[in-house]
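>>> Sharing a model that was predicted from the sequence below.
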There are 2 protein chains.
Amino acid sequence: MKKEKEATTEQQILDAAKNVFQSKGMDGARMQEIADKAGINKAMLHYYYRSKQLLFEAVFKNAFALLAPQLNIILNDDSSIEDKIRSFTFDYTSFMMKHPYLPNFIINELNRNENFIIKLKENSGFPNLEKFKAKVNTEISQGILNPIDAEQLFVNILALNIFPFLSKPLVKAFTEKDEKNYKEFVESRKTEVADFIINSIKRT
Amino acid sequence: MKKEKEATTEQQILDAAKNVFQSKGMDGARMQEIADKAGINKAMLHYYYRSKQLLFEAVFKNAFALLAPQLNIILNDDSSIEDKIRSFTFDYTSFMMKHPYLPNFIINELNRNENFIIKLKENSGFPNLEKFKAKVNTEISQGILNPIDAEQLFVNILALNIFPFLSKPLVKAFTEKDEKNYKEFVESRKTEVADFIINSIKRT
DNA sequence: ACATTTGTTAACCATATGGTTAAACTTGAT
DNA sequence: ATCAAGTTTAACCATATGGTTAACAAATGT
């Protein structure tokens, strides 16, 4: 039954939908545009995904599933907090430079639809902070780190890494950078941000 | 001609529009809903603002005009970098707790419509970093601060302050906080974030 | 070969949506 | 009282939009 071409129709739809939803959001996306981008008839969208809502959810879950593993790097491995921060900052920034629409898409749709997050949490693999918190507290009591609330630290790490992608147009305008300069600016954050955090928390 | 009631129709429309646009975005907003919230006929929206686009722009400029002065606190006063950071962190977080929809609204629509920011920059009062950069560099050469790129520092300050509002649903889910706990969490950032930054940059 | 399932399309439908119009109402000036 | 300008409304309009249908094509099983 299935045509084993380069890509199945179902996948082509998902790719096109990802494109359109991530750049225009749920409300701004048009089923016709998705169909056009996928090079197929609009009816096919409904044949495979039943409705705009369900197609959207497929795209959204896909996007989130791409992000979660990135977080688990910092949350669930066994290295020191310093190493976690350095490798996360580096990897996460690299990852985001390849998927610039992702953070805005997720943050935005999550804000628009509060109970989305509930569905996600039921999923296994949803990031869990416990191990990270324990490690932070251990290193504090060992005198490696200055006292800090682990949750605040975690949010700080996320903030410093994600924010430049979320508010790219704003930061570009403030710092008067063009696309190339902005890229370099973000590139240098791969290490700058880690240094900034470590400086703040590491006992001297 | 003008009725000098409690609020003019024009203002009622703007208030209703602010409400709807800020919570649903340009694409998700409906002119009918705005009219209903303002308690007037849909035709009035066009009578006063001509089109959805223009009404939206009125709301957007309004929102941005509310934010810009907050930034000028840190950018244009004469106190030390440490004092700037402490007062900005405190004031900005207080301000955001009163206008929780603002950052997402602005960031999001700016992402959706790149040339919006060009219009804003033409406006006087658009935040300018020069004075801040000069002050940072002065304090570095005076040995008050560790060497750091002023723009990176500025983005870090913004990131740490704005991010918790931008990604409230995500952070709430990660840290498993309810509304009340989240408010406390953010409240304590009024000083925690400033300490975190100062720790990192201040020469010891 | 032929029937059955799966995939695909063009045409269609109901409704929602931003926007317009023409008539009515209000108000302040003369 | 009358007029003109500004304000407000109900009804209307063209189009866009998500979704459906029915017929057709391709593949698969027997």
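That came through fine.

>>> Follow the chain on from the helix or strand of chain A with the lowest mean pLDDT and name the next helix or strand.
Ranking every helix and strand in chain A by mean pLDDT, DSSP states H and E puts helix A:116-122 at the bottom, with a mean of 89. As assigned by DSSP states H and E, the chain's next helix or strand after helix A:116-122 is helix A:130-141.

>>> Which neighbouring elements make contact with that following helix?
When contacts are defined as 3 or more CB pairs under 8 Å, 6 or more residues apart in numbering or on different chains; DSSP states H and E, helix A:130-141 sits against helix A:52-76, helix A:81-98, helix A:150-166. From N, CA and C alone the C-beta is placed, and that goes for glycine too.

>>> Tabulate those helices (TSV), appending distance to B:Ile201.
What follows is these, written out as TSV (distance: least, CB to CB, whole Å):
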stretch	distance to B:Ile201
helix A:52-76	23
helix A:81-98	17
helix A:150-166	13
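
>>> export those to CSV and tack on mean pLDDT and distance to DNA strand C?
CSV is the format used below for the helices and strands packed on helix A:130-141 (pLDDT from 0 to 100; distance: least, CB to the nearest atom of the strand, whole Å):
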stretch, mean pLDDT, distance to DNA strand C
helix A:52-76, 93, 13
helix A:81-98, 97, 29
helix A:150-166, 98, 26
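
>>> Show me which of these has the highest average neighbour count.
helix A:150-166 (a mean of 23; mean count of other CB atoms under 10 Å in any protein chain shown).

>>> Distance to DNA strand D added to the helices and strands packed on helix A:130-141, as CSV?
Putting those into CSV (distance: least, CB to the nearest atom of the strand, whole Å) gives the following:
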stretch, distance to DNA strand D
helix A:52-76, 3
helix A:81-98, 28
helix A:150-166, 25
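
>>> Could you export these as JSON lines, including distance to chain B?
Supplementary listing: the helices and strands packed on helix A:130-141 in JSON lines, determined by distance: least, CB to the nearest CB, whole Å:
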{"stretch": "helix A:52-76", "distance to chain B": "8"}
{"stretch": "helix A:81-98", "distance to chain B": "12"}
{"stretch": "helix A:150-166", "distance to chain B": "3"}
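
>>> Out of those helices, which is closest to B:Phe95?
helix A:150-166 (17.3 Å; CB to CB).

>>> can you state the direction angle for the closest one and helix B:150-166?
Counting by axes from the mean of the first three to the mean of the last three CA atoms, to 10 degrees, helix A:150-166 points 110 degrees away from the direction of helix B:150-166.

>>> for helix A:150-166, packing partners?
Using 3+ CB pairs under 8 Å, 6+ apart, helix A:150-166 sits against helix A:81-98, helix A:102-112, helix A:130-141, helix A:179-201, helix B:150-166, helix B:168-175, helix B:179-201.

>>> just checking, what packs against the second one?
In this case it means helix A:102-112. Using 3+ CB pairs under 8 Å, 6+ apart as the contact test, the elements touching helix A:102-112 are helix A:9-28, helix A:52-76, helix A:116-122, helix A:150-166, helix B:9-28, helix B:102-112, helix B:168-175.

>>> 6 Å instead, please
helix A:150-166, helix B:102-112, helix B:168-175 (3 or more CB pairs under 6 Å, 6 or more residues apart in numbering or on different chains; DSSP states H and E).

>>> ok and it relative to helix B:102-112, angle-wise?
Between helix A:102-112 and helix B:102-112, the angle comes out at 130 degrees (the same axes, to 10 degrees).

>>> Give me the mean pLDDT for helix A:102-112.
Averaging pLDDT along helix A:102-112 yields 96.

>>> can you pull the pLDDT of the closest residue to A:Leu145 other than its chain neighbours?
Closest residue in space to A:Leu145, ignoring its immediate chain neighbours: A:Glu139 at 4.6 Å, by CB to CB, 6 or more residues apart in numbering or on different chains. Looking at A:Glu139, its pLDDT is 98.

>>> gap between A:Glu139 and DNA strand C?
A:Glu139 sits 53 Å away from DNA strand C, going by CB to the nearest atom of the strand, to the nearest Å.

>>> and A:Phe174, what is it in contact with?
Applying CB atoms under 6 Å, 6 or more residues apart in numbering or on different chains to A:Phe174 gives no contacts.

>>> again with A:Val155
Counting by CB under 6 Å, 6+ apart, A:Val155 touches B:Val171.

>>> related to what we said a few turns ago, for B:Gly39, which of the helices and strands packed on helix A:130-141 is the nearest?
Nearest to B:Gly39, of all the helices and strands packed on helix A:130-141, is helix A:52-76, at 31.3 Å by CB to CB.

>>> Show residues contacting that closest one.
A:17-18, A:21, A:26, A:31, A:49, A:84, A:88, A:92, A:95, A:102, A:106, A:125, A:127, A:131-132.

>>> Just want the angle from it to helix A:130-141.
30 degrees.

>>> orientation of helix A:52-76 relative to helix A:81-98 in degrees?
150 degrees.

>>> my guess is A:Val193 meets A:Thr89, correct?
Yes. If you go by CB atoms under 6 Å, A:Val193 and A:Thr89 touch, sitting 4.9 Å apart.

>>> Distance-wise, check the closest residue to A:Lys135 other than its chain neighbours relative to B:Lys135.
Distances taken as CB to CB, 6+ apart place A:Ile81 nearest to A:Lys135, at 6.1 Å, with adjacent residues excluded. Remark: distance between A:Ile81 and B:Lys135 (CB to CB, to the nearest Å) = 32 Å.
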